[in-house]
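**Student:** my questions concern the predicted model and sequence given below.
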Amino acid sequence: MNIETLNEIANRMVQDSKGILAMDESHGTCKKRFDSLNIAVTEENRRSYRDMLITADSLNNYISGAILFDETIKQKTSKGISFSEHLESIGIIPGIKVDAGAKPFSCHENEKITEGLDGLSERMEEYKKLGAKFAKWRAVITIGNKMPSMACMIANSHALARYASICQEYDIVPIVEPEVLMDGEHDIKRCFEVTNEMQNILFENLDKLDVVNSGIILKPNMVTSGSLCKEQSTPDEIAELTVKCLSNNVPKEVPGIAFLSGGQSDQDASNNLNNINKINTNPWKITFSYGRALQLEAMKKWGGDNSNNIEAQKIIGKRALLNSLAANGRYESSMENE
Ligand code: 13P
């Protein structure tokens, strides 16, 4: 493990208000998104869609890294260059999702444990040869009746720490993603309690397994009310409780925090990131690592037809720009219509 290398990559991932494009949807998630838009689910469509994303003009002004899926990191652009080589050539760091998905958690109905530790060292070696410089592992925590259980938070934190330690052994920066889902009727206070506890347990586990804080990126949810909560939280409450939660738990050595969008609308995801940055006084960089909130409108415009590439690329380019401004506290909602 080379701490300087890890720290240098992590700092590049959160540099200059740039964010990370999460384009690592598993086959199942990608099928769900394509099905909803009547796009044929084929390997070539997955390739050409992602080719469209990463060849968008000026993407590299706003995006520092792109998280790829196992299939994608082995694919090539229509010019015949591997995705990771193309990304490197335009200054975007290639990364790779390495977890094997969230599976039912034994003896805990409706809870999930993320799997994928078996053989991870070998896969890490392969991904490194394919150009990956960082990785991602997502744990899923559900709020509900008697949920989350302490067991679920501990088991997922331990797995995240094991994963992070394996990444660091290979000088690959781990994105550590403890996602507390927005699904449910809970209010923002409940989301704060759970997110705060999960982050607390996570950093305790990272510490116990000797993971080096200066060589990780945290990818958390924002603290919000549940999507079915009758009293929806305001942007000010979201910013205040999100920053409070991070201040309570994230060591100062962590170079950056890159939020997931988690089902927020594009505009909410940009606006909330902006407000968080306006009030944050901690040393870490705070940016985005969005999947849906960066891509969905572009995917709709593309619609499975490459003749729409240029229009779709304008859309992803604009969302990337707006989120980059938000990562600097300079976003305004009026910019949506410009
Ligand atoms: P969303 O921004 O769509 O939540 O996806 C981010 C991600 O990478 C989830 O693992």
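**Tutor:** Looks like it came in fine.
**Student:** send the alpha carbons of the host helix or strand of Ile201 over as PDB?
**Tutor:** Element membership for Ile201, per DSSP states H and E: helix 188-208. Provided in PDB are the C-alpha atoms of helix 188-208 (Å, rounded to 0.1, in the frame of the first residue of the first chain):
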ATOM      1  CA  ILE A 188     -35.900  13.800   8.500                       C
ATOM      2  CA  LYS A 189     -35.100  13.300  12.200                       C
ATOM      3  CA  ARG A 190     -35.300   9.600  11.900                       C
ATOM      4  CA  CYS A 191     -33.200   9.700   8.800                       C
ATOM      5  CA  PHE A 192     -30.600  11.700  10.700                       C
ATOM      6  CA  GLU A 193     -30.600   9.200  13.600                       C
ATOM      7  CA  VAL A 194     -30.000   6.300  11.300                       C
ATOM      8  CA  THR A 195     -27.500   8.000   9.000                       C
ATOM      9  CA  ASN A 196     -25.600   9.300  12.000                       C
ATOM     10  CA  GLU A 197     -25.500   5.800  13.600                       C
ATOM     11  CA  MET A 198     -24.500   4.100  10.400                       C
ATOM     12  CA  GLN A 199     -21.700   6.500   9.700                       C
ATOM     13  CA  ASN A 200     -20.500   6.200  13.300                       C
ATOM     14  CA  ILE A 201     -20.400   2.300  13.100                       C
ATOM     15  CA  LEU A 202     -18.800   2.500   9.700                       C
ATOM     16  CA  PHE A 203     -15.900   4.700  10.700                       C
ATOM     17  CA  GLU A 204     -15.300   2.600  13.800                       C
ATOM     18  CA  ASN A 205     -15.000  -0.500  11.600                       C
ATOM     19  CA  LEU A 206     -12.800   1.300   9.100                       C
ATOM     20  CA  ASP A 207     -10.500   2.300  12.000                       C
ATOM     21  CA  LYS A 208     -10.500  -1.300  13.500                       C
END
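**Student:** which parts of that helix are buried?
**Tutor:** By 16 or more other Cβ atoms under 10 Å, the buried positions in helix 188-208 come out as 188, 190-192, 194-199, 201-203, 205-206. Placement of C-beta: from N, CA and C, glycine included.
**Student:** what parts of the stretch 101-250 of the chain come near the ligand?
**Tutor:** Proximity of the stretch 101-250 of the chain to the ligand, by Cβ under 6 Å from any ligand atom, involves residues Arg138, Glu177.
**Student:** residue of the stretch 101-250 of the chain closest to the ligand, please.
**Tutor:** Closest to the ligand within the stretch 101-250 of the chain is Arg138: 4.1 Å, counting by Cβ to the nearest ligand atom.
**Student:** which of the three states applies to that residue?
**Tutor:** strand (DSSP: H, G, I helix; E, B strand; the rest coil).
**Student:** pretty sure it contacts Glu179?
**Tutor:** Yes: with contact defined as Cβ atoms under 8 Å, Arg138 reaches Glu179; the gap is 5.8 Å.
**Student:** what is in contact with the two at once?
**Tutor:** Common neighbours of Arg138 and Glu179, counting by Cβ atoms under 8 Å, 6 or more residues apart in numbering, are Lys219.
**Student:** got the contact list for the closest residue to the ligand within the chain?
**Tutor:** Going by Cβ to the nearest ligand atom, the ligand is nearest to Gly291 of the chain, at 2.8 Å. Listed by Cβ under 8 Å, 6+ apart, the contact partners of Gly291 are Ala22, Met23, Asp24, Glu25, Leu260, Ser261.
**Student:** most neighbours among those residues, please name it.
**Tutor:** Ala22 (28 neighbours; other Cβ atoms under 10 Å).
**Student:** quick one: contacts for that one?
**Tutor:** By Cβ under 8 Å, 6+ apart, Ala22 lies in contact with Ile67, Lys136, Leu260, Ser289, Tyr290, Gly291, Leu294.
**Student:** change it to 7 Å
**Tutor:** Applying Cβ atoms under 7 Å, 6 or more residues apart in numbering, we find Ala22 in contact with Ile67, Ser289, Tyr290, Gly291.
**Student:** verify the stated contact: the second one with Ile20.
**Tutor:** I take that to be Ser289. Yes: between Ser289 and Ile20 there is a contact at 3.8 Å, judged by Cβ atoms under 7 Å.
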